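K.L.:
no sequence for this one, just the structure:
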């Protein structure tokens, strides 16, 4: 008897964000990731739509990692009637809790501000979800360990495998009636400052592969030299170096690199301010899970002692008013919200300011606008002229580039029946598709949003 599994591509299909993949097989419904769309307005509007499936029929959610575009829709899922378990590694669930609470707080604050200052078309503006919604969601979290197969039903089992990217991140293997489904999640890079190299899958029948940097080769940059030049230039101009940063991994990596540069006498003792409540909480996750990263206890403590960790919004304004040259690391990484907007509001129109972008900038985000040379950017309902110097360092990206993705596939011993490219923009999808076909001769396709695939199992 022929059995089939149906896969619904409900996010990160033809775009980078909003990862959601539903697998129907043997009367069970498994959701891999449950992320928010970010970036372009037409994508963000999709977040307000109900999912095109019966949410109450979803049995479990398996999480590859804790980033917002992989977990940010969970409170909406619970609100729509999901009653199952949400399963991930211990650091992933810890990160997800931090990110969801931070996201809910931002949603509540932005809705309140929009209503008070009346720069909204909605009457009233409503938060996407609230802290209470998040608290209900995290009661459904259940921790799973690495490398152990777990039986979900008679014909279905799953396993989490380490893949770098951020603390706790994994790729997920599903064994359905003897067929191996592999969801890559976001694949990390080799030789990362804080994380071990990603593990590689060994057998794949159906592969769902991220392609964020599928058309890129990360430059072979001397990161320490580049940062040293930027920092010394900032001091010479008596200016500010503002680094919008993702709170998970990039912020901690930046702290570590800046501490090392100072320790090696490659930069002066310039004040470093870290202004990211979420990033501060993530530091505690690094402390709680030392086996998940390379930092020793002594290096962790020295790194934290080297920086000024901002604890309140009052301290944010005190930092802005501080006349010294300084480095400010603040969320968010794509300049979509968070504390970095307050700094940019005050300092982006000054030629002595440098803004350093250090991670992926999705289409439609302020970070992408700055990267593309925007002369002004809009936030808090107003436009602000961009006179600051905009710089970008790609070598700090947490995603594998095209050679890294191709290398990640090198451990696969069989020929997959199908490879589905996800989590990428059109140019990345096309380029990676060609490279995989040329390198391995595998069948590759790039599903669109809301496509479904019926696969023989």
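P.N.:
Yep, that arrived. Worth saying up front: this structure is predicted, and the values here are computed from it rather than measured.
K.L.:
Give the burial count for the closest residue to residue 306 other than its chain neighbours, as a bare number.
P.N.:
Counting by CB to CB, 6 or more residues apart in numbering, residue 259 is the residue found nearest to residue 306 once chain neighbours are left out, at 4.5 Å. Placement of C-beta: from N, CA and C, glycine included. Using other CB atoms under 10 Å, residue 259 has 18 other residues around it.
K.L.:
Let me see the mean pLDDT of the helix or strand hosting residue 259.
P.N.:
Under the criterion of DSSP states H and E, residue 259 resides in helix 250-263. For helix 250-263, mean pLDDT is 94.
K.L.:
what separates it from the chain centre, distance-wise?
P.N.:
With CA atoms, centre = their mean, to the nearest Å as the basis, helix 250-263 stands 20 Å off its chain's centre.
K.L.:
Quick check: the residue nearest to residue 306 vs residue 267, distance?
P.N.:
Residue 259 sits 10 Å away from residue 267, taking CB to CB, to the nearest Å as the criterion.
K.L.:
re earlier: the residue nearest to residue 306 reaches residue 303, doesn't it?
P.N.:
Yes: counting by CB atoms under 8 Å, residue 259 touches residue 303, with 4.5 Å between them.
K.L.:
which sections of the stretch 101-250 of the chain are below the confidence cut-off?
P.N.:
Residue ranges of the stretch 101-250 of the chain with pLDDT under 70: 118-122.
K.L.:
Provide a complete list of residue ranges assigned to helices in it.
P.N.:
131-138, 223-236, 250-263 (DSSP state H, counting those that start in this stretch).
K.L.:
looking at those helices, which is closest to residue 445?
P.N.:
Closest of these to residue 445 is helix 250-263, at 31.5 Å (criterion: CB to CB).
K.L.:
Next SSE downstream of the closest one?
P.N.:
Downstream of helix 250-263 (by DSSP H and E), the next one is strand 272-275.
K.L.:
contacting residues around residue 303?
P.N.:
255-256, 259, 295 (CB atoms under 8 Å, 6 or more residues apart in numbering).
K.L.:
Turn those into TSV, columns for distance to residue 177.
P.N.:
What follows is these, written out as TSV (distance: CB to CB, whole Å):
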residue	distance to residue 177
255	47
256	45
259	51
295	42
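K.L.:
ok, and the most crowded of these?
P.N.:
Within these, most neighbours by other CB under 10 Å means residue 255, with 23 neighbours.
K.L.:
any idea how far residue 283 is from it?
P.N.:
On the measure of CB to CB, residue 255 and residue 283 end up 8 Å apart.
K.L.:
who touches both of the two?
P.N.:
Common neighbours of residue 255 and residue 283, using CB under 8 Å, 6+ apart, are residue 304.
K.L.:
Could I get the contacting residues of the nearest residue to residue 209 once chain neighbours are set aside?
P.N.:
If the residues on either side of it in the chain are set aside, residue 209 comes closest to residue 184, at 4.9 Å by CB to CB, 6+ apart. For residue 184, the contact set (CB under 8 Å, 6+ apart) comprises 64, 163, 171, 207-210, 408.
K.L.:
Mind checking which of those residues are in strands?
P.N.:
171, 207-210 (DSSP state E).
K.L.:
Out of the residues you listed, the closest to residue 449 would be?
P.N.:
Using CB to CB, those come closest to residue 449 at residue 208, 14.4 Å.
K.L.:
show me what contacts the closest one?
P.N.:
7, 21, 32, 181-184, 420, 422.
K.L.:
So for stretch 67-82, what gets flagged as buried?
P.N.:
67-78, 82 (16 or more other CB atoms under 10 Å).
K.L.:
Quick one: the strands in the stretch 301-450 of the chain, in order.
P.N.:
308-309, 326-330, 353-357, 376-379, 382-385, 389-392, 418-422, 444-445 (DSSP state E, counting those that start in this stretch).
K.L.:
which outside residues touch the fourth one?
P.N.:
In this structure, residues lying in contact with strand 376-379 by CB under 8 Å, 6+ apart are 335, 341, 344-345, 348, 366, 369-370, 383-386.
K.L.:
pretty sure residue 381 is touching residue 117, no?
P.N.:
Yes: with contact defined as CB under 8 Å, residue 381 and residue 117 form a contacting pair (6.4 Å).
K.L.:
Quick check, central residue of the protein?
P.N.:
Most central in the chain under CA atoms, centre = their mean is residue 67, positioned 4.0 Å from the mean C-alpha point.
K.L.:
follow-up on the earlier one: what's in contact with the helix holding residue 259?
P.N.:
With CB under 8 Å, 6+ apart as the criterion, helix 250-263 contacts 192-194, 223-224, 227-228, 231, 243, 245, 267-269, 272, 274, 276, 279, 282-283, 286, 295, 299, 302-304, 306-307, 327, 329, 331, 333, 358-359, 396, 398.
K.L.:
The contacts of strand 376-379 in helices, which ones?
P.N.:
341, 344-345, 366, 369-370 (DSSP state H).
K.L.:
Now which of those would you call buried?
P.N.:
Among the ones in helices among the contacts of strand 376-379, those classed as buried by 16+ other CB under 10 Å are 341, 344, 366, 369-370.
K.L.:
which of those sit farthest apart?
P.N.:
341 and 369 (13.2 Å).
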